[in-house]
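Participant: model this:
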Amino acid sequence: MRVGERVGAVLAAGRGRRMGPLGERWPKVLLPLGPRPLLHHHLETLRGLGVRRVLVAVGHRAERVEEAAEALRGPGLEVSCLRVEPLGTAYALAQLAPLLDEDVVVVVLGDYAFSASGLARMVERVEREPGSAAIAVRRDLPEALAQGSEVEVGPEGRAVRVVEKPVRPGSGLRGCGVYALRAEALDAVRETPRTALRDEYELTVGLQRFVELGGTLFAEEVVDWDANFTGPSDVLRANLEWLERQGLPWAVGEGARVAEGSRLERAVVGDGAEVRLPTELRRAVVLPWARVRGGSVLEDALVAGDDLVVPCGPG
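Facilitator: Numbering: from 1, shown residues only. I've put the predicted structure just below:
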């Protein structure tokens, strides 16, 4: 073990079935938050924590994620991809575990967009407590907990129970897609049983097993804003909120080209995208690297190309 060092892990193997045709073409980790793909944000977050080596578990459309990871890694950051079967977050992390020999592993779910100003504090707490782990949590409504995971907390902020898709949530704390783990927690995750819920290996189930074995799992309220990219409407809502949080009426990414005469209203054009003819974009996101002829009104939609415009309802 390389004591004192941090490594990052991004779990991006899932297929994104609820994304429909968009999910067939686009890995969720390459969908945008603002002009840049989620993977860029994850790598920058990890870099900001002092991480210098990141492992990315890839599955669906693995070649696209590998190409993007190579382009996005940036100076001072080593990024490697490992292809795994899309059998759940615990399974993906278990496949990476033999390569994670650092003191603390910061894990990010690939389809999770977030802002967490207190994340460094969470990681530092795990570093101070041998054998511990931490899960980021956020206070939320019962219906949000029922769609995700619930974390019940005891003395000193220690989790006593982690439940995936709770039937009667009551704690008010929703588990978020960022974790700080040490070897003991990784060992528990490796032994996670397959669940009947989604016929997958769930990371939250592995963390519950870690708690039951006597492990210390801290629940840290460090997330300021977040969004799970489950369906197309989630992506549009997250991007509209990103614009609002940035104080921007619209955004155009690096290397993107938008035809002169176009009008953008609460719209995002991703890195490297092209809109060839004057177009009105209203509450719309043109995905990174998409090529669009345009020439009309594109509204309340994700635009992946002329043949794939995904309506999302009013934003």
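Participant: For the lengthiest helix in the chain, which helices and strands make contact with it?
Facilitator: Using DSSP state H to define each element, the chain has its longest helix at helix 232-246. When contacts are defined as 3 or more CB pairs under 8 Å, 6 or more residues apart in numbering; DSSP states H and E, helix 232-246 packs onto strand 32-33, strand 225-228, strand 263-269, strand 280-286, strand 297-305. Where you see a C-beta, it was placed from the backbone N, CA and C, and this is true even at glycine.
Participant: in it, what counts as buried?
Facilitator: By 16 or more other CB atoms under 10 Å, the buried positions in helix 232-246 come out as 232-240, 242-243.
Participant: most packed of the helices and strands packed on helix 232-246?
Facilitator: Each of these was scored by mean neighbour count; the highest is strand 32-33, a mean of 26, by mean count of other CB atoms under 10 Å.
Participant: picking up where we left off before, out of the buried residues of helix 232-246, which one sits closest to E143?
Facilitator: The closest of these to E143 turns out to be D234 (CB to CB; 15.0 Å).
Participant: Give me the local confidence score for the closest one.
Facilitator: You'll see D234 listed with a pLDDT of 96.
Participant: Quick one: residues contacting it.
Facilitator: Residues counted as contacts of D234 (CB atoms under 8 Å, 6 or more residues apart in numbering) are 227-228.
Participant: In terms of secondary structure, what does the helix or strand bottoming out on mean pLDDT in the chain contact?
Facilitator: Ranking every helix and strand in the chain by mean pLDDT, DSSP states H and E puts strand 2-12 at the bottom, with a mean of 83. Here strand 2-12 touches helix 38-48, strand 53-58, helix 89-96, strand 102-109, going by 3+ CB pairs under 8 Å, 6+ apart.
Participant: Which residues does the spatially most central residue of the chain form beta bridges with?
Facilitator: Closest to where the C-alpha atoms of the chain average out (CA atoms, centre = their mean) is Y112, at 2.4 Å. The partner list for Y112 in beta bridges (DSSP bridges) reads N228.
Participant: can you pull out the helices in the stretch 101-250 of the chain?
Facilitator: With DSSP state H, counting those that start in this stretch as the criterion, the stretch 101-250 of the chain has helices at 119-128, 142-147, 183-190, 203-212, 232-246.
Participant: looking at those, which is closest to G48?
Facilitator: For the helices of the stretch 101-250 of the chain, proximity to G48 was assessed by CB to CB; helix 119-128 is nearest, at 7.9 Å.
Participant: returning to what we had before: the residue nearest to the centre of the chain and Y179 touch, don't they?
Facilitator: No. Judged on CB atoms under 8 Å, Y112 makes no contact with Y179 at a distance of 10.8 Å.
Participant: related to what we said a few turns ago, R18 is nearest to which of the helices and strands packed on helix 232-246?
Facilitator: Closest to R18 of those, according to CB to CB: strand 225-228, at 10.5 Å.
Participant: And that closest one, how far out from the chain middle?
Facilitator: Here the centre of strand 225-228 is set off from its chain's centre by 9 Å, with CA atoms, centre = their mean, to the nearest Å.
Participant: That strand - contacts with which helices or strands?
Facilitator: Packed next to strand 225-228, using 3+ CB pairs under 8 Å, 6+ apart, are strand 112-115, strand 173-181, helix 232-246.
Participant: Take the ones you listed and write them to CSV, including distance to P278.
Facilitator: Shown next, in CSV, are those (distance: least, CB to CB, whole Å):
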stretch, distance to P278
strand 112-115, 31
strand 173-181, 39
helix 232-246, 21
